[in-house]
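> Kindly return the folded structure for what I paste below:
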Amino acid sequence: MIDKKTIQGIIEKEIENSDLYLVETKVSSDNTISVMIDSFDGVPIIKCIELSRAIEAQLDREVEDFELSVSSAGIGQAFQVIQQYHKNVGNDVEILTTDGNKFSGKLITVGENEIEVEIEELVKVEGKKKKQLITKTLTFSFEQIKSTKDIITF
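Modelled structure (predicted):
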């Protein structure tokens, strides 16, 4: 079986002087290798092709056969690395907490151990018949977050 650390080492060396970052590497027991990369400006298909060729050039199919796919992180997939949070500052996100609560709002800041999200909610205001829309900022530690996804609105 091809070693995951070997693949990650190849990838890190190849993307070292670029704006790309590694999101995920998977190597299954049947040597199916899946690599997911991203960038703050998106990932053109040519970058995936170039990285795929660079990885393949450093592996020997005569020693071990493998299947390789290199792709960019997709819209609506859960964030897996902190760079994805930084990339989405100012964008709408959906957060699922470890206790099962869902929050949707604008990602405001990303810290070392936490994020801040600005949410809007309808609240009953004393003395008024209609609920009013208020904006508040919630802070979530990364330990509280089960998953975070970007929300695309049209």
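> ok, the residue of the chain positioned farthest from its centre to residue 120 distance?
Note on the chain: the largest C-alpha distance from the chain mean falls to residue 127, namely 43.9 Å (C-alpha atoms, centre = their mean). Distance check for residue 127 against residue 120: by C-beta to C-beta, to the nearest Å, it reads 21 Å. For glycine as for every other residue, the C-beta is placed from the backbone atoms N, C-alpha and C.
> if we can go back for a sec, tell me, what's the model's pLDDT at the residue farthest from the centre of the chain?
Confidence per residue is given as pLDDT, and for residue 127 that number is 81.
> That one: helix or strand, and which one exactly?
With secondary structure defined by DSSP states H and E, residue 127 is part of neither a helix nor a strand.
> Low-confidence stretches in this protein?
Low-confidence segments of the chain (pLDDT under 70): none present.
> how about the helices in it?
For the chain, the helices defined by DSSP state H cover 4-15, 45-57, 82-87.
> Now mean neighbour count and distance to residue 94 too, for those helices, in CSV please.
What follows is those, written out as CSV (neighbours: other C-beta atoms under 10 Å; distance: least, C-beta to C-beta, whole Å):
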stretch, mean neighbour count, distance to residue 94
helix 4-15, 15, 28
helix 45-57, 15, 26
helix 82-87, 18, 13
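> Any idea which of those helices gets closest to residue 106?
helix 82-87 (12.7 Å; C-beta to C-beta).
> Can you spell out which helices and strands pack onto that closest one?
Using 3 or more C-beta pairs under 8 Å, 6 or more residues apart in numbering; DSSP states H and E as the contact criterion, the secondary-structure elements in contact with helix 82-87 are strand 20-27, strand 32-39, strand 102-110.
> Stretch 58-76: end-to-end distance?
Chord length of stretch 58-76, first to last residue, is 32 Å (C-alpha to C-alpha, to the nearest Å).
> buried residues in it?
Along stretch 58-76, the positions that meet the burial threshold by neighbour count (16 or more other C-beta atoms under 10 Å) are 59, 66, 68, 70-73.
> Before I go, just wanted to say thanks for your time.
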